[in-house]
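Chemist: below: sequence and its predicted model.
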Amino acid sequence: MKIGISLEVTKQLRNTWHSAINHEWYEFLKGHTIYPLVCYGSYDVREYDLIILCGGNDMAGMPTWRDNNSPDRDSFEQLLLSDAIENKVPVVGICRGFHFMNKTLGGTLRYLDEPYDNVPVILGELTVQCHHTIAVDKLAPGFESLLQDCRNVIELASDTSRKLLGVGWHPERMINFHTRDIVLSIIEKMYVNNRT
């Protein structure tokens, strides 16, 4: 698969803005070709089999302790998501990507009373390590909750008609290595269904 990943924008390096990708993505998506998508670029989504909106960055109107909103990234990913849906290209949102996708498509978000700061979260028979301050409040129209925890925090949701998947944890990180096959299996189905 040819996969485009929209990058986090960070000011952690030398106090200037940088686009960054966690190198664990390359291990997670081994066997596929990854193309980093920078928010100042122009891309034809039809050139990709899958688009991933990765984590990082706050969103406009939802500041957290990170205080690192990038309006350029927000605008870029709104256009990317819209183009992908219009051209029937599957999209996976990871953590911030899931929250951004849900908010953009008409869902709502809420702050967690107690943020998930690298804590284990039990999702039925699956335990994942989560790190987020924001959660989905109401899912956007078309989405269905697949996994949620005992606090009703939705950690996995999909919109099969538009080929969208939202994942609340970070499967690319080694601490969640055990979840990679599950997420990749869903992605493979989205890809195969996109080809039929």
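Modeler: Arrived safely.

Chemist: could you use CA atoms for every contact and neighbour count after this?
Modeler: Fine.

Chemist: strands along this structure, start to end?
Modeler: 2-6, 8-10, 18-20, 33-37, 50-53, 91-94, 108-123, 126-138, 144-148, 154-159, 164-167 (DSSP state E).

Chemist: now those in JSON lines, with distance to Phe76?
Modeler: Converted to JSON lines, the strands of the chain look like this (distance: least, C-alpha to C-alpha, whole Å):
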{"stretch": "strand 2-6", "distance to Phe76": "9"}
{"stretch": "strand 8-10", "distance to Phe76": "12"}
{"stretch": "strand 18-20", "distance to Phe76": "13"}
{"stretch": "strand 33-37", "distance to Phe76": "10"}
{"stretch": "strand 50-53", "distance to Phe76": "11"}
{"stretch": "strand 91-94", "distance to Phe76": "14"}
{"stretch": "strand 108-123", "distance to Phe76": "20"}
{"stretch": "strand 126-138", "distance to Phe76": "21"}
{"stretch": "strand 144-148", "distance to Phe76": "25"}
{"stretch": "strand 154-159", "distance to Phe76": "21"}
{"stretch": "strand 164-167", "distance to Phe76": "18"}
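
Chemist: identify the bridge partners of the closest residue to His99 other than its chain neighbours.
Modeler: Using C-alpha to C-alpha, 6 or more residues apart in numbering and skipping residues adjacent in sequence, the residue nearest His99 is Val136, 6.4 Å away. Beta bridges link Val136 to Leu109 when assigned by DSSP bridges.

Chemist: good, wrapping up.
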